[in-house]
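K.L.:
Quick one, structure for this:
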Amino acid sequence: MLVAQNKIGVNSARLSSNWTSHELSEGSDEWMDAIGTALDDSKMQLIILSPEALDSKFIRMEYRAFLNHNKLIVPVLHRSVKRMLPELSHIQMVDFSANDFDHSFSTLKQIIDMALET
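P.N.:
Numbering: from 1, shown residues only. This is a model prediction of the structure:
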């Protein structure tokens, strides 16, 4: 649900493109190719965080690829997590877990706008 809401919101913010990895089977050849293409084509990655996401080796592969290429990552907290992964703990997070979608989306849009200005 949050991914769908964010995709609608990002589209309505008139950003040039967006892609979500949940559209493909994790770990498939198509998924790996799409990650590579997204890495090349994207200035930033929004990573939707939940306990399940933090347990996924594929999610870790995605954000680590972006980190290794010095791409901006914006963690988006969908549901509370017990412990943040060390690589992401120093990055400003947008908290959607408090159910104030409009405020959280406004914050997210500001971060995206600043990133696109550079």
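K.L.:
And the residue lying farthest from the centre of the chain, how far from Met84?
P.N.:
Distance from the C-alpha centroid of the chain peaks at Asp29, with 20.8 Å (Cα atoms, centre = their mean). From Asp29 over to Met84 the distance is 31 Å, taken as Cβ to Cβ, to the nearest Å. C-beta: built from backbone N, CA, C; applies to glycine.
K.L.:
check contacts around Arg64.
P.N.:
Residues in contact with Arg64 (Cβ atoms under 8 Å, 6 or more residues apart in numbering) are Glu87.
K.L.:
Tell me how far stretch 39-47 lies from the chain's centre.
P.N.:
8 Å (Cα atoms, centre = their mean, to the nearest Å).
K.L.:
out of everything not next to it in sequence, what's closest to Ala65?
P.N.:
Spatial nearest neighbour of Ala65, excluding adjacent residues (Cβ to Cβ, 6 or more residues apart in numbering): Leu39 at 5.5 Å.
K.L.:
does Asp113 sit in a helix or strand, and which one?
P.N.:
Element membership for Asp113, per DSSP states H and E: helix 101-117.
K.L.:
Using CSV, write down the CA coordinates of that helix.
P.N.:
Extracted in CSV, the C-alpha atoms of helix 101-117 (Å, rounded to 0.1, in the frame of the first residue of the first chain):
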residue,chain,number,x,y,z
PHE,A,101,0.8,10.6,5.0
ASP,A,102,0.5,14.2,3.9
HIS,A,103,3.2,15.5,6.2
SER,A,104,5.5,12.6,5.5
PHE,A,105,5.0,13.0,1.8
SER,A,106,5.7,16.7,2.0
THR,A,107,9.0,15.9,3.7
LEU,A,108,9.8,13.3,1.1
LYS,A,109,9.1,15.6,-1.7
GLN,A,110,11.4,18.3,-0.2
ILE,A,111,14.2,15.8,0.0
ILE,A,112,13.6,14.7,-3.6
ASP,A,113,13.4,18.3,-4.9
MET,A,114,16.7,19.1,-3.2
ALA,A,115,18.3,16.0,-4.7
LEU,A,116,17.1,16.9,-8.2
GLU,A,117,18.5,20.4,-7.9
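K.L.:
ok, the closest residue to Leu116 other than its chain neighbours to His103 distance?
P.N.:
Spatial nearest neighbour of Leu116, chain neighbours left out: Lys43 (6.8 Å); criterion: Cβ to Cβ, 6+ apart. Distance, Lys43 to His103, using Cβ to Cβ: 24 Å.
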